[in-house]
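Novice: model the following, please.
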Amino acid sequence: MWKYILKRLLSLIPVIAGAILIVYIIMNIAPGDPARMALGDEASEYAIHEWREARGLNDPLLVRYFRYLFGVFRGDFGYSYGRGQAPVFGQIMELFPNTVYLAMVSTLITILLSFPLGIFAALKQNTWFDGVSMFVALIGVSMPTFWLAYLLLIWFSLGTGWFPSFGADTLRSVVLPAVSLGFGSMAGMARTTRSSMLEVVRQDYIRTARAKGISGARVIRKHAIRNSLIPTLTVAGIQIGNLLTGTVVIEQVFAWPGIGRLMVQGILARDFPIVLGCMVLFTLTFAIVNLVVDLAYAYVDPRIRARYS
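Specialist: You can find the predicted model right below:
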């Protein structure tokens with residue numbers, strides 16, 4: 001097991017290096033000069049040249065890339081071009097707990113709604129409950145996250161005033177962003193759970209258990225649900241990772257103080273170190289979430305646990 005975990009952690013090195021390279025290339029060809037953004041349009045060419053030279057922006061792309069890459073592996077994420085040239089790592093760590101908090105609440109909403117909805121929809125196949133639940137799931141899968149966020153903002157913040165429209169000051173502040181972020185993931189996981197559950201309840205061992213006189217509720221609880229979780233966990237890992245990266249849009253809509261909003265501000269200001277630092281953290285978090293999901297397979301499926309052993 002520990003060999004597998006170490007191997008997966010080591011595989012993060014080329015993943016992070018590749019992600020940084022892609023972001024470096026995109027930011028390099030994107031219009032806009034960070035020196036102009038930082039110094040203003042009235043700055044002289046000499047001042048701009050000196051500003052770029054002090055930050056190594058006049059060096060070739062690959063030189064800057066490897067210099068930043070070696071710095072990341074040493075724990076040095078550089079300094080922001082704006083914001084008083086503050087360390088990027090400190091800015092990210094200051095806002096990262098807010099992003100994790102939003103993603104965890106969204107994940108909790110997704111799990112608490114999707115699993116029961118998918119299981120009961122499978123057990124009540126071809127009934128009104130199945131039809132209504134899958135119709136709601138279809139809407140959730142099809143609806144853009146930012147559009148739902150604006151609808152909730154208009155209805156429950158501007159309309160009724162039940163929830164704040166921005167910020168993260170109170171417990172109520174997280175409700176609308178979390179629901180907006182988690183609704184699409186909930187819909188996708190509910191559909192996957194239903195399909196997996198329908199396949200499991202038709203297996204021979206389920207019919208055998210019922211033939212032995214075991215109650216239907218116990219068969220579902222002890223046998224069907226656990227075996228139906230295996231494909232659902234795969235989707236869950238992807239959806240939880242999407243919840244983390246999806247905060248980029250939701251944090252901007254609700255002015256949530258997280259690294260998603262920080263990343264958008266960095267893109268608009270051409271603040272390369274901020275964008276790269278947020279991207280590295282998103283990549284690392286997404287990979288760790290998928291590693292945890294893979295390890296959860298071993299708990300659900302004894303065959304996979306035996307392979308790890």
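Novice: what's the neighbour count on residue 147?
Specialist: Using other C-beta atoms under 10 Å, residue 147 has 11 neighbouring residues. For glycine as for every other residue, the C-beta is placed from the backbone atoms N, C-alpha and C.
Novice: and the gap between residue 186 and residue 22?
Specialist: Distance, residue 186 to residue 22, using C-beta to C-beta, to the nearest Å: 30 Å.
Novice: compare those two (neighbour count), which wins?
Specialist: residue 186 (27 against 11).
Novice: state whether the more buried one is indeed within a helix.
Specialist: Yes: counting by DSSP: H, G, I helix; E, B strand; the rest coil, residue 186 falls inside a helix.
Novice: list the residues that contact it.
Specialist: Contact analysis of residue 186 by C-beta atoms under 8 Å, 6 or more residues apart in numbering lists 109-110, 113-114, 117, 137, 140.
Novice: and which of the residues you listed is nearest residue 72?
Specialist: Taking C-beta to C-beta as the measure, residue 72 lies nearest residue 110 of those, at 31.1 Å.
Novice: quick check: next helix or strand after the strand or helix carrying the closest one?
Specialist: Following DSSP states H and E, one finds residue 110 within helix 88-123. Using DSSP H and E, the helix or strand that follows helix 88-123 towards the C-terminus is helix 128-142.
Novice: buried set for that next one?
Specialist: Of the residues in helix 128-142, 130, 133-134, 136-137, 140 count as buried by neighbour count, 16 or more other C-beta atoms under 10 Å.
Novice: circling back: can I get the contacts of residue 186 in a markdown table including distance to residue 52 and pLDDT?
Specialist: Below are the contacts of residue 186 laid out as a markdown table (distance: C-beta to C-beta, whole Å; pLDDT from 0 to 100):
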| residue | distance to residue 52 | pLDDT |
| --- | --- | --- |
| 109 | 46 | 85 |
| 110 | 45 | 84 |
| 113 | 50 | 84 |
| 114 | 49 | 83 |
| 117 | 54 | 85 |
| 137 | 51 | 82 |
| 140 | 47 | 80 |
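Novice: need the max-distance pair from those residues.
Specialist: Farthest pair in those, by C-beta to C-beta: 109 and 137, 14.4 Å.
Novice: ranges for the helices of the stretch 151-300 of the chain?
Specialist: Assigned by DSSP state H, counting those that start in this stretch, the helices in the stretch 151-300 of the chain fall at 175-201, 204-211, 216-219, 225-253, 259-268, 272-300.
Novice: tell me which of these sits nearest to residue 72.
Specialist: Between residue 72 and the helices of the stretch 151-300 of the chain, the tightest spacing by C-beta to C-beta is seen for helix 272-300, at 6.0 Å.
Novice: any idea of the mean pLDDT for the closest one?
Specialist: With pLDDT averaged residue by residue, helix 272-300 scores 79.
Novice: and what about residue 56, helix, strand or coil?
Specialist: Quick answer, by three-state DSSP: residue 56 is coil.
Novice: please tell me how far it sits from residue 67.
Specialist: Using C-beta to C-beta, one gets 7 Å for the distance from residue 56 to residue 67.
Novice: also residue 15?
Specialist: Distance from residue 15 to residue 67, by C-beta to C-beta: 20 Å.
Novice: give me the residues contacting stretch 166-182.
Specialist: Under C-beta under 8 Å, 6+ apart, the answer for stretch 166-182 is 98, 101-103, 105-107, 109-110, 113, 145, 148-149, 152-153, 156-157, 162-164, 243, 246-247, 250-251, 253-257.
Novice: do the same with stretch 225-233
Specialist: So stretch 225-233 is in contact with 115, 118-119, 189, 192-193, 195-197, 199-200, 203, 293, 296-297, 300-301, going by C-beta under 8 Å, 6+ apart.
Novice: next, the buried residues of that stretch.
Specialist: Neighbour counts over stretch 225-233 (16+ other C-beta under 10 Å) mark 225, 227-230, 232-233 as buried.
Novice: repeat that for stretch 13-28.
Specialist: Buried residues in stretch 13-28, counted by 16+ other C-beta under 10 Å: 16-17, 19-21, 23-24, 27.
Novice: please list the members of the residues you listed that lie in helices.
Specialist: Counted as lying in helices by DSSP state H, out of the buried residues of stretch 13-28, are 16-17, 19-21, 23-24, 27.
Novice: adding distance to residue 39 and pLDDT, write those out as a markdown table.
Specialist: Shown next, in a markdown table, are these (distance: C-beta to C-beta, whole Å; pLDDT from 0 to 100):
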| residue | distance to residue 39 | pLDDT |
| --- | --- | --- |
| 16 | 31 | 80 |
| 17 | 31 | 83 |
| 19 | 29 | 81 |
| 20 | 26 | 82 |
| 21 | 28 | 86 |
| 23 | 23 | 81 |
| 24 | 22 | 80 |
| 27 | 18 | 78 |
